[in-house]
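Peer 1: Quick one: sequence and predicted model below, then my questions.
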Amino acid sequence: MSVHMPAARRRHVANGHKDATGDSTATAVKPAPPTSPQPRRHRWAVFGAFAVAVALLALVNVTWPNLAVQLLHNSSFSQQQQPPPAEFQAISQLRSTEQDGTVYKPSLGIFPKGCKWRDVVPADAAVAAQPGSNTTSNSSASSNSSRVHYEYWDLKNQQWTDQQPAACRLQGYPDPGPPASWTFYKGNPRTEVVPSTHHVTYHNLWYNNGRWYALVDSGRQVASWKFSKNQEITTLHIHDAQKWIKTAKWRVVPGDTLLFDFIFFVHPTAIGHWWEMMGPLYSVLKQGIDFKRPCDQMVLLHLKRTHLMEWVRAVVAVALGVRTHQDLPPILLQDETDNAWQQLTMPLEGVPKDEWVVFERALIIRDLFTGGTRSFTNTEDARAFRAEVYKHYGLPPPAPRHAVPHVITFQRKRANRRIVNEDQLLHLLSQYGEVRVVEFNSSTSFADQLGTMRDTGVFVSAHTSNLANAVFLQPGSAVIEIIQRHWTWNKMDESFRDHTSQLGDVHHYAWRANHLNETVYTVERDAAR
C-alpha cells in the first residue's frame, strides 16, 4: 500500500494534548521559510504552519486532477524505481561485509556476557532484505522463512567460531541438583504466585519441553491461565510436591529471571513493538520492587538470536538497568525453527526434552492483552530512559532546543506504506530546513540511528516501525507521522504518539489518509475493505 498526500485531516499532539481539524476543500498560503531563529514563544506556531503545509501538499490535485496520475507514474510505486533527487542523498550506514558469496552481519553494541555473535547469511538472501527490494528487513516473511547461521566470538583465541559458548544456553544446577545451601521458596517446590497491577511474580515456576507449569499440591482444582498474549501457565496437580521431585529429572535456575514474551512475534524485527513492552518494563523495575535490577537472566520467548539487533539489545540493557560498560545478563532463547508459529513451542536451548527446569523467582510484566500498558507509566521515566540511552552511547544529556530546528529527517520506506509523491514532499520540506533522507534497517548501527535523532529537529515518516526512534529526539523537536488509511487495529495508529506524548517535550503531528484518492493499494482486496 502507498500513500498520497492531498488535503485531509490532521491530528496534533503537543505535550499530551490533542485537537483535530480538517477541511478537504480549504486552501492555504504556504509560509515562507524562516530566515532567522524564531522567538521561543512563536516556534510552535511555525511548526504548526509547517505541519499544515505537509498535510496540504497535494491540494492542487483538487484543481488539477491529472497531476495525481503524473505523480503516480513518476513515483516509487511505479514498477521502475526512480532514484531520489540528487540534493536529497540518502544516508546509509550498512556495515555488513561479504566474502566468497557469504555476508557477515555487523556485531555492534552490547551483548550478553560471554555470548557475542554475528549473523552469517548467503549473499543472495542479504540482497533480498535490503531497502528497495521486494522484501525488507521488517518483513515477517523474510525474517522467518529461512534459518540464519551464527558465528560466536571466542574471547580466549580472539576469533570467530561456529562453536556456541555455554554462556549462550541455560545453565543452572543440573543433576545431582543445587548445593546444600539452596532451598525451595518456603521449603516447598510448589508454585506460588504474587500478582500486582503491572506485573506478576512467580516463585518456583516450572518448565518442560516448551511449556510452563505451576506445580499445585492442594486438593483444590486450579485452572490454567495465560501469563501473556501467546503463552499459558498449565497447572500440574500433584498429591505431594516433595515426593514428585524425587521421581523427576530436574535442574534449578537460581536467582531472579525476567520471563519475556515478545507478543508480536510474527513481526520480529519491528522495533516499534518493543516500546510497547520496554516502557512498562522500565517503569516497573524502577519502582523498587523486590527483584534484582539488572536481573540474573532473561528468558526471551518466540524470537531468534538474529532478531536481537543492536537497537533491541541497547534498549533492553537500559530497561533492565545495565550500567554503562557492563554486559547484558544471559539471554536464554528457544531452539530455532523455520516457522514462526512452530517457534512458539520450541524448547529452550540446552534443555533436554525429558528434563524439568524450575526458576527460583520469575517476573512477568503484564502486556497489552493481560491488563498492562503500552508505554512508560509517567513522564519522569520516559525522560530518564532517553537520558540513559544517550549516556550509554557517550552523548551529552538531551537538552532543550532554543531555536527552531532546521534539520529535517525523512524516513523513507519502500516495501509498503510508501509516499507516492515523495519527490514533491521532499522539495516542500527543503523549504523549511536541511533535509536528510534515511533508510534504517537491521544492519544500521544504533549509534548512527541515535546520532541522527539527536541532530534532528523535525522527524517525518509514514507510520512504520522506525518511528520508535522518535523517543530519542531531543526536547523541542517534532514528529510528523503519515498514517495509512484504515489503520486503527488495537489503537496501533496512536502507539508512537503515546510514547512521544509521555515525554511531554516532543510535539507530535499526525496526518491520516482518510479518502480513497489518498491511498494506492498493491493488493486489490485491501482496497475493498
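Peer 2: Thanks, I have the structure now.
Peer 1: And the longest strand seen in the chain, what does it pack against?
Peer 2: As assigned by DSSP state E, the longest strand anywhere in the chain is strand 250-261. Other elements packing on strand 250-261 under the criterion 3 or more C-beta pairs under 8 Å, 6 or more residues apart in numbering; DSSP states H and E are helix 272-286, strand 297-301, strand 356-365. Just so you know, the C-beta spots here come from the backbone N, C-alpha and C atoms, and that holds for glycine as well.
Peer 1: Straight-line length of stretch 185-200, end to end?
Peer 2: 16 Å (C-alpha to C-alpha, to the nearest Å).
Peer 1: mind checking which of the helices and strands packed on strand 250-261 is nearest residue 107?
Peer 2: Closest to residue 107 of the helices and strands packed on strand 250-261 is strand 297-301 (C-beta to C-beta; 18.1 Å).
Peer 1: The longest strand of the chain: which residues count as buried?
Peer 2: By 16 or more other C-beta atoms under 10 Å, the buried positions in strand 250-261 come out as 250, 251, 252, 253, 254, 256, 257, 258, 259, 260, 261.
Peer 1: ok so, going back, for the helices and strands packed on strand 250-261, give me a markdown table that also has mean pLDDT and mean neighbour count.
Peer 2: Below are the helices and strands packed on strand 250-261 laid out as a markdown table (pLDDT from 0 to 100; neighbours: other C-beta atoms under 10 Å):
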| stretch | mean pLDDT | mean neighbour count |
| --- | --- | --- |
| helix 272-286 | 88 | 23 |
| strand 297-301 | 95 | 22 |
| strand 356-365 | 95 | 24 |
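Peer 1: Looking at the ones you listed, which is nearest to residue 514?
Peer 2: Comparison of those against residue 514 by C-beta to C-beta identifies helix 272-286 as nearest, at 22.1 Å.
Peer 1: Can you show me the CA trace of the closest one as CSV?
Peer 2: Coordinates of each C-alpha in helix 272-286 appear next as CSV, following Å, rounded to 0.1, in the frame of the first residue of the first chain:
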residue,chain,number,x,y,z
GLY,A,272,8.1,-0.2,17.2
HIS,A,273,6.6,-3.2,19.1
TRP,A,274,9.5,-3.3,21.5
TRP,A,275,8.4,0.0,23.0
GLU,A,276,5.1,-1.4,24.0
MET,A,277,6.9,-3.7,26.4
MET,A,278,10.2,-1.9,27.2
GLY,A,279,8.5,1.2,28.5
PRO,A,280,6.3,-0.7,31.1
LEU,A,281,9.3,-3.0,32.0
TYR,A,282,11.5,0.1,32.7
SER,A,283,8.8,1.7,34.8
VAL,A,284,8.0,-1.4,36.8
LEU,A,285,11.7,-2.1,37.6
LYS,A,286,12.3,1.5,38.7
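Peer 1: Summarise which helices and strands it is packed against.
Peer 2: Under the contact definition 3+ C-beta pairs under 8 Å, 6+ apart, helix 272-286 sits against strand 250-261, helix 310-320, strand 356-365, helix 379-392, helix 495-503.
Peer 1: mind listing what's buried in the last one?
Peer 2: Translated: helix 495-503. Buried-residue list, helix 495-503, by 16+ other C-beta under 10 Å: 495, 496, 497, 498, 499, 500, 501, 502, 503.
Peer 1: Quick check: what element follows it along the chain?
Peer 2: strand 507-512 (DSSP states H and E).
Peer 1: ok and that following strand relative to helix 495-503, angle-wise?
Peer 2: On the basis of axes from the mean of the first three to the mean of the last three C-alpha atoms, to 10 degrees, strand 507-512 is oriented at 160 degrees to helix 495-503.
Peer 1: Please renumber the chain so that the first residue is 2 from this point on.
Peer 2: Let's use 2 as the start, then, which means that last one is strand 508-513.
Peer 1: what about strand 508-513, average pLDDT?
Peer 2: What strand 508-513 shows for mean pLDDT is 86.
Peer 1: Can you give the strand pairings for that strand, parallel or anti for each?
Peer 2: According to DSSP bridges, strand 508-513 forms sheet pairs with strand 11-15 (antiparallel), strand 479-484 (parallel).
Peer 1: and stretch 426-439, how far apart are its ends?
Peer 2: From its first residue to its last, stretch 426-439 covers 15 Å (C-alpha to C-alpha).
Peer 1: For residue 197, the count of nearby residues, please.
Peer 2: Using other C-beta atoms under 10 Å, residue 197 is surrounded by 12 other residues.
Peer 1: how far away is it from residue 479?
Peer 2: 36 Å (C-beta to C-beta, to the nearest Å).
Peer 1: how near is residue 179 to residue 367?
Peer 2: As defined by C-beta to C-beta, residue 179 lies at a distance of 30 Å from residue 367.
Peer 1: For the two, indicate the residue with more neighbours.
Peer 2: The neighbour comparison of residue 179 against residue 367 (other C-beta under 10 Å) goes to residue 367, with 20 against 17.
Peer 1: Number of residues surrounding the residue lying closest to residue 149 once chain neighbours are set aside?
Peer 2: Sequence neighbours aside, residue 307 is the residue nearest to residue 149 in space, at 4.4 Å (criterion: C-beta to C-beta, 6 or more residues apart in numbering). Applying other C-beta under 10 Å, we find 21 residues neighbouring residue 307.
Peer 1: re the thing from before, compare the strands paired with strand 508-513 and say which comes out lowest on pLDDT.
Peer 2: Lowest mean pLDDT within the strands paired with strand 508-513: strand 11-15, at a mean of 38.
Peer 1: Which one, of the helices and strands packed on strand 251-262, ends up nearest to residue 169?
Peer 2: Across the helices and strands packed on strand 251-262, residue 169 has its closest neighbour in strand 298-302 (11.6 Å, C-beta to C-beta).
Peer 1: Please name the strands paired to the closest one in the sheet, noting orientation.
Peer 2: Applying DSSP bridges, strand 298-302 is found paired with strand 251-262 (parallel), strand 332-333 (parallel).
Peer 1: can I assume residue 120 is in contact with residue 106?
Peer 2: Yes. Residue 120 lies in contact with residue 106 (C-beta atoms under 8 Å); the separation is 3.9 Å.
Peer 1: could the buried residues of strand 251-262 go into a markdown table alongside pLDDT and distance to residue 375?
Peer 2: A markdown table is the format used below for the buried residues of strand 251-262 (pLDDT from 0 to 100; distance: C-beta to C-beta, whole Å):
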| residue | pLDDT | distance to residue 375 |
| --- | --- | --- |
| 251 | 93 | 36 |
| 252 | 93 | 35 |
| 253 | 94 | 34 |
| 254 | 95 | 29 |
| 255 | 94 | 32 |
| 257 | 97 | 24 |
| 258 | 97 | 24 |
| 259 | 97 | 18 |
| 260 | 96 | 19 |
| 261 | 92 | 15 |
| 262 | 90 | 15 |
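Peer 1: For the closest residue to residue 302 other than its chain neighbours, give me its contacts.
Peer 2: Spatial nearest neighbour of residue 302, excluding adjacent residues (C-beta to C-beta, 6+ apart): residue 262 at 4.7 Å. The contact partners of residue 262, taken as C-beta atoms under 8 Å, 6 or more residues apart in numbering, are 228, 229, 230, 231, 232, 302, 303, 365, 368.
Peer 1: Check the gap between the nearest residue to the fifth one once chain neighbours are set aside and residue 278 for me.
Peer 2: Yep, that's residue 232 we're talking about. Of all residues not flanking residue 232 in the chain, residue 262 sits nearest, at 5.0 Å (C-beta to C-beta, 6+ apart). Distance, residue 262 to residue 278, using C-beta to C-beta: 9 Å.
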